[in-house]
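In: Build me a model from this:
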Amino acid sequence: MNVITGLRANLVPYREFALHKWFYSSPLWYYHQPGTTHGIRANPKFYRLVDPDLRELCRILLEAGLHTTPSCQGHFYPRERFERIWDELQREARLITGEGLKVKDSETDRTHLFRDPGYQLPWSGFREFYREASSQQSHGYLGVMVPADSPVLDRLRSEPYSSLRGRILYDDELTALLRMPLFNIYVDPSTPEERSREWMAITRYLKSILSEQACATAR
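Out: Purely as a prediction, here's the structure:
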């Protein structure tokens, strides 16, 4: 089994998700390291890892030849879930500094052994972890990478989506870094119901653009 080191558990700004490679031991939390080469396989296991509100959207984007970055639909978890995550992170930290923790690449599903004698959690205790993790949990994000020769690129740039709770923004800086046009999708709901409605509206918007372009190409 391939041994890796240097993974981190700290929170990353959503916009920077595509600048990291992601690994997990359990779906409760993800580890990461810098990396911009991605190899997502759109198989059933991949969709089970994607949050429910994003699965249909990711499916239609990938089927249309676009690419998606690591994502988050936005959550409204109670404190008890964060307590469980903290306990799990502490347990995993002991394994990482000892015999090693088995983690999987979230894109390829390949298993690695994460071993690092110097590993430490980035929070001094549960209170600090909870304050940071819970403060941004309701925000949703998905990055969409569009091949430069895709016929939908101009449409997405000329007709940006914007609503009270969501928006799609072209990102010049990440486009240059990743060498492929990238759009950030942000959702800022106040309730789980609002979150689901907004992701559904964005899914309909993008499905409409992709369908219209497919029809135009077929003519």
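
In: Who's the closest spatial neighbour of L113, skipping the chain neighbours?
Out: G100 (4.2 Å; C-beta to C-beta, 6 or more residues apart in numbering). Where you see a C-beta, it was placed from the backbone N, CA and C, and this is true even at glycine.

In: same question but for I85, I mixed them up
Out: By the measure of C-beta to C-beta, 6+ apart, the closest residue to I85 outside its immediate chain neighbours is L28, 5.0 Å from it.

In: From what I see, the residue nearest to L113 and P117 are in contact.
Out: No: between G100 and P117 there is no contact under C-beta atoms under 8 Å: 10.4 Å.

In: Looking at the two, which has the bigger crowd around it?
Out: A count of neighbours by other C-beta atoms under 10 Å puts G100 above the other of G100 and P117, at 17 against 8.

In: wait, what's in contact with that one?
Out: By C-beta atoms under 8 Å, 6 or more residues apart in numbering, the residues touching G100 are V3, L113, F114, R115.

In: ok, what's across the strand from the spatially closest residue to P160 that is not a sequence neighbour?
Out: Spatial nearest neighbour of P160, excluding adjacent residues (C-beta to C-beta, 6+ apart): I168 at 5.7 Å. Legend: beta-bridge partners of I168 under DSSP bridges are I185.

In: need the helix or strand of this structure with the lowest average pLDDT.
Out: Using mean pLDDT, DSSP states H and E, the weakest-scoring helix or strand in the chain turns out to be helix 44-49, at a mean of 58.

In: Geometric centre of the protein: which residue is closest?
Out: For the chain, S71 is the residue whose C-alpha lies nearest the centre (C-alpha atoms, centre = their mean; 1.9 Å).

In: Which residues are in contact with it?
Out: Applying C-beta under 8 Å, 6+ apart, the residues near S71 are F17, V50, D51, L54, C58, G140, Y141, L142, G143.

In: Could you pick out which of those residues are located in helices?
Out: L54, C58 (DSSP state H).

In: For the helix or strand harbouring K21, what does the pLDDT average out to?
Out: For K21, the host element (DSSP states H and E) is strand 20-26. Per-residue pLDDT over strand 20-26 has a mean of 94.

In: what's in contact with it?
Out: 4, 7, 12, 30-35, 37-38, 49, 70, 88, 92, 101-107, 112, 114.

In: Likewise for stretch 193-201?
Out: Stretch 193-201 has contacts (C-beta under 8 Å, 6+ apart) with 53-54, 57, 73-74, 76, 138, 140, 163, 165-166, 187, 189.

In: re the thing from before, need the contacts of S71 in JSON lines (columns: neighbour count, distance to S196 and pLDDT).
Out: Output for those, formatted as JSON lines (neighbours: other C-beta atoms under 10 Å; distance: C-beta to C-beta, whole Å; pLDDT from 0 to 100):
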{"residue": "F17", "neighbour count": "21", "distance to S196": "21", "pLDDT": "92"}
{"residue": "V50", "neighbour count": "20", "distance to S196": "14", "pLDDT": "88"}
{"residue": "D51", "neighbour count": "16", "distance to S196": "10", "pLDDT": "93"}
{"residue": "L54", "neighbour count": "24", "distance to S196": "11", "pLDDT": "96"}
{"residue": "C58", "neighbour count": "22", "distance to S196": "15", "pLDDT": "93"}
{"residue": "G140", "neighbour count": "25", "distance to S196": "10", "pLDDT": "97"}
{"residue": "Y141", "neighbour count": "21", "distance to S196": "15", "pLDDT": "97"}
{"residue": "L142", "neighbour count": "27", "distance to S196": "14", "pLDDT": "96"}
{"residue": "G143", "neighbour count": "22", "distance to S196": "20", "pLDDT": "95"}
